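Asker: need the 3D shape of this:
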Amino acid sequence: MLLRHDYVTPFIDGIRFFDKPPLMYWMAAGSMHFFGIHDWAARLPLALAVLALIFSVYALGIRLFATISPPSNPDRAGLYAALAIATSIGPYLYTRFYIPDILLALWMTLAVHLFLIALERLQPQTPGSHVPLTGSVISTGAERSGETPAFLTSAPNSPKNRTRLPCLAFAAVMALNVLTKGLIGLVFPIGFVILYLAITKQLRLLLKFHLLASAALFFAIAAPWHILAAIRNPPIAMPTGLGLPAKAGWAWFYLYNEHIARFLSKRIPHDYGLTPVWLFWIYLVLWIMPWAIFLPTAVTDQIRALRTRAVAAARANEAALSLMLWALLVLGFFTLSNRQEYYSLPALPALALMIGSLLARAECTTIGIANPSANRSALKWHLYALVPLTTLLAIVCGYYAATAPHPPPGADIVSLLTMAGSTEAYNLSLSHVSDLTGAAMGFFRGPLAATAIGMLGIGLGSYLLRRARRTYAANLTLAAFMTVILLAAHDGLVRFYPILGSKGLAQAITQAQQATPHADDLILIDGELTAGSSLIFYTGQQVHLINGRLNGLWYGSFWPDSPPIFETEDSLRQLWASPRRIFLFTYDPAARTRDLAPYGAAHTLASQGGKTVLTNH
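Answerer: Residues are numbered from 1 along each chain as shown. Got it, this is the predicted structure:
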């Protein structure tokens, strides 16, 4: 986008790419415009978005659970929920990839909070009653004396005016949601609002949510890109025999193929793995670990709160319905449709808030208020689930840290892994985990030792504090030692990076070009673009693909303005025999060297992570 000055039609390697809406691209492009074209600059907006998510969860936790938190610290539930989001596995792991799903969690958190604020402001007010305009508990002298504050009785703060701002903000958030990951940005927030109002028998209030003004703002933000993308990418003739319509453009691929067909698992081409339903739900628990250990009691508490009809429990009932509906809406949708491991991320804030509620009530019991079973339940799950699990993991990690053989000097990690040998085997984001072997653990001795220490702190260390009724210290200790584990995970990912990325090989190509400049150098990737897509970013050059006209670039390659980047075996041999300097990125250098020998010598420029760059010069 920065190089082409085209912020409407995304391109990859010169090919139109219609798979996703543009907000993530705009964020990265905007950051690199200010800070320069660096990988950290591209990732910075995602880091800031996660920070916004943490504070959003914290704010919603205060609104929902201030009354059940310790009186001196009404933000306890929000704090614990925010710590759970900040230190659990899923949000950490899926911000190592530049994918939009964590942003969906942010937009959903904001949408739920804004809706609840708007709904509360529509409720009839009695003299002396308090309306929390920001969703938090505010106390003024007028309220304590029983008088109605002036700001509640003046005309500008009538129910209609008080609901306008949260309704418009809800529309803006929903538009950003659509620009993040398409029509799913409509399904979740609108589905939540309608189901919530239907369950609470308040559907009649729907017309009071400034629908016309909100719709106008939504379309003002979301519609321009969709309209321009359709205009600039109109239907063109499609080849026959591929399952495509006679004519298709951006609208067919993006609106139908990427949404409806993907939901039905009929997308063309079918270039992604499908996580089984049972594994999808197991991953959900894994992503909120180690806090998920408190989830059974937390969910039970919310179900119990749903059954309570007392006026005094109105806030608890609102919280329970909101969080249960939120989580079930996201999880139910993907259970019935196409799903990846990380599609459950938008439900994690709801689960974190449930857990925060339980831990706040458990802390209240230490001073003699709230439900005394909360502390016992948290203690029980900690002792019988978290302590054994973390102790076992500490033993395993400590064993490998102590016994794993030291890798030979200069050894490449890939030499000690069990590699599948094809990119198709890695359609799921966690597929590389199966490549690990006992011998490869020698590369991770430091991270494994840190993980073992962290596991003991999470399990036994925080349990001893919880048993001593030092609940606040126990929860902070759990979060602190989980931070140690995440830092260890980061170090491990750095060591594993040569398998996942190609930055080192791209730098080797750039250094060779700087040492001996050639005007017509050409970089080739042996296979589809995903085999070495980061070469484009780190070299700043267009690459050609050998037998790579498939998956992500397949549909865009039908456009007449697509550059001739797709090579065949014959054209590869011609290029190798030509005077041009060729850099060939391949996973199978031995076979390629044999195949290209009749056409020119194949020199190894660099090898890393099971990938090699060959050159004919």
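
Asker: strands along the protein, start to end?
Answerer: 11-12, 15-16, 236-237, 247-248, 522-526, 543-546, 566-567, 582-586, 603-608, 611-615 (DSSP state E).

Asker: and the gap between Leu295 and Met455?
Answerer: 19 Å (Cβ to Cβ, to the nearest Å). Just so you know, the C-beta spots here come from the backbone N, C-alpha and C atoms, and that holds for glycine as well.

Asker: related to what we said a few turns ago, for Tyr98, find the nearest of the strands of the chain.
Answerer: Closest to Tyr98 of these is strand 11-12 (Cβ to Cβ; 13.2 Å).

Asker: pairing partners for the closest one, with directions?
Answerer: For strand 11-12, the pairing partners within the sheet under DSSP bridges are strand 15-16 (antiparallel).

Asker: pLDDT on the partner strand, on average?
Answerer: Mean per-residue pLDDT for strand 15-16: 94.

Asker: now do stretch 277-288
Answerer: pLDDT averaged over stretch 277-288 gives 89.

Asker: ok now that stretch, how far from the chain's centre?
Answerer: Relative to its parent chain, stretch 277-288 has a centroid offset of 15 Å by Cα atoms, centre = their mean, to the nearest Å.

Asker: same thing with stretch 84-96?
Answerer: 8 Å.

Asker: then stretch 489-506?
Answerer: The answer for stretch 489-506 is 20 Å, by Cα atoms, centre = their mean.

Asker: what's the local residue count around the closest residue to Pro563 other than its chain neighbours?
Answerer: Nearest non-adjacent residue to Pro563, counting by Cβ to Cβ, 6 or more residues apart in numbering: Gly14, 4.2 Å away. Applying other Cβ atoms under 10 Å, we find 17 residues neighbouring Gly14.

Asker: quick one: the closest residue to Leu255 other than its chain neighbours from Ala220, how far?
Answerer: Spatial nearest neighbour of Leu255, excluding adjacent residues (Cβ to Cβ, 6+ apart): Leu183 at 7.8 Å. When distance is defined by Cβ to Cβ, Leu183 is 18 Å away from Ala220.

Asker: the two: which is more packed in?
Answerer: The neighbour comparison of Leu183 against Ala220 (other Cβ under 10 Å) goes to Leu183, with 15 against 12.

Asker: the more buried one and Arg262 touch, don't they?
Answerer: No: at 10.4 Å, Leu183 does not count as touching Arg262 under the criterion of Cβ atoms under 8 Å.

Asker: out of the strands of the chain, which is closest to Leu46?
Answerer: Per Cβ to Cβ, nearest to Leu46 of those: strand 11-12, 18.7 Å.

Asker: residues making contact with the closest one?
Answerer: 4, 17, 529, 533, 536, 552-553, 556 (Cβ atoms under 8 Å, 6 or more residues apart in numbering).

Asker: and the residues you listed, which are buried?
Answerer: 17, 529, 533, 536, 552-553, 556 (16 or more other Cβ atoms under 10 Å).

Asker: save the residues you listed as TSV, and put in distance to Leu486 too.
Answerer: Shown next, in TSV, are these (distance: Cβ to Cβ, whole Å):
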residue	distance to Leu486
Phe17	32
Leu529	31
Ser533	26
Ile536	30
Gly552	30
Leu553	35
Gly556	37
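
Asker: against His406, how distant is the closest residue to Arg495 other than its chain neighbours?
Answerer: In space, and not counting its chain neighbours, Arg495 is closest to Phe443: 5.2 Å by Cβ to Cβ, 6+ apart. Distance, Phe443 to His406, using Cβ to Cβ: 9 Å.
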